[in-house]
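K.L.:
Coordinates for the following, if possible.
(one chain, ligands or ions: 1)
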Amino acid sequence: MKIICIGRNYVNHIAELNNERPDEPVIFIKPDTAPVQKQFPFIIPEFSSAVHYEIEVIVKINKVGKHIAPKFAHKYYDEISVGIDFTARDLQDKLKAKGLPWEKAKAFDGSAILGDFIDKNGFETVDNINFELLKNGQSVQKSNTGYMLWKVDELVAEVSKYFTLRTGDVIFTGTPEGVGPVAPGDVLEGFLEEKKLFKVQVK
Ligand code: ZN
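P.N.:
A predicted model of the protein is given here:
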């Protein structure tokens, strides 16, 4: 499986990092070595002193697709969750400044948390779902999928122009505002509406 991530999909997050609003979605990939195994902690890598959490709504692809039309995109995922796109922000800033790829800052071992997937049909629409990240019991990121610049179906279609989607692939749909650093001992919990879909310890 591969993980396809979208950057800069929420206006207020673009502003907090002083990024430009993109004309088309920013896309990058994490390899299948990125996810933290269930029940395991997230271990801060030694090459960064500023690893940030980014909670994101994620969808799991249920069949092979390429050049998917936006109106058919909803047929390519049944399950939805929340995850974390861990980012070595200090390293990413350096790479960005030099115009280099972000992989070392975004795709390292342990850089993805995948929450438990649930049936998308439990929601009226995927375009109006509240989600939230708690750090040590305090709300640090809270948003709604309605604030995405590109909606989930548009993202599935856009991604499939470049990459064949396969069963089990996961799309991270971008983070809203409120990103921040993690420290050893932190506990992160992700919610889709009232459902807690992951809990991870930071070490
Ligand atoms: Zn992200």
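
K.L.:
any idea of the mean pLDDT in the top helix by length along the chain?
P.N.:
With secondary structure taken from DSSP state H, the chain has its longest helix at helix 152-162. Along helix 152-162, the predicted confidence averages to a pLDDT of 98.

K.L.:
Quickly run through the sheet partners of the following helix or strand past that helix, with directions.
P.N.:
Note on helix 152-162: by DSSP states H and E, the next helix or strand toward the C-terminus is strand 170-172. The pairing partners recorded for strand 170-172 under DSSP bridges are strand 3-7 (parallel), strand 55-61 (antiparallel).

K.L.:
Most tightly packed of those?
P.N.:
Burial of these is given as mean neighbour count (mean count of other C-beta atoms under 10 Å); strand 55-61 ranks first at a mean of 26. Heads up, the C-betas are built off the backbone N, CA and C, glycines and all.

K.L.:
ok and that one relative to helix 152-162, angle-wise?
P.N.:
Using axes from the mean of the first three to the mean of the last three C-alpha atoms, to 10 degrees, one finds that strand 55-61 and helix 152-162 are set 60 degrees apart in direction.

K.L.:
Is the ion within reach of the helix or strand of the chain with the lowest mean pLDDT?
P.N.:
Among the helices and strands of the chain, helix 11-16 carries the lowest confidence by mean pLDDT, DSSP states H and E, at a mean of 85. No: for helix 11-16 and the ion, the contact criterion (C-beta under 5 Å from the ion) is not met; the two come no nearer than 8.5 Å.

K.L.:
Keeping just the C-alphas, turn that helix into CSV.
P.N.:
C-alpha atoms of helix 11-16 as CSV (Å, rounded to 0.1, in the frame of the first residue of the first chain):
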residue,chain,number,x,y,z
VAL,A,11,-7.0,28.1,4.1
ASN,A,12,-6.2,28.8,7.8
HIS,A,13,-3.4,26.3,7.8
ILE,A,14,-1.8,27.8,4.7
ALA,A,15,-1.9,31.2,6.5
GLU,A,16,-0.3,29.8,9.7
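
K.L.:
do the longest helix of the chain and the ion meet at all?
P.N.:
No: counting by C-beta under 5 Å from the ion, the ion has no neighbours in helix 152-162; the shortest distance is 12.4 Å.

K.L.:
Who are the packing partners of that helix?
P.N.:
strand 3-7, strand 26-30, strand 55-61, strand 170-172 (3 or more C-beta pairs under 8 Å, 6 or more residues apart in numbering; DSSP states H and E).

K.L.:
one more time with 10 Å
P.N.:
Applying 3 or more C-beta pairs under 10 Å, 6 or more residues apart in numbering; DSSP states H and E, one finds that helix 152-162 makes contact with strand 3-7, strand 26-30, strand 55-61, strand 77-85, strand 170-172.

K.L.:
and Lys38, which of these is closest to it?
P.N.:
Ranking the helices and strands packed on helix 152-162 by proximity to Lys38 (C-beta to C-beta) places strand 77-85 first, at 12.2 Å.
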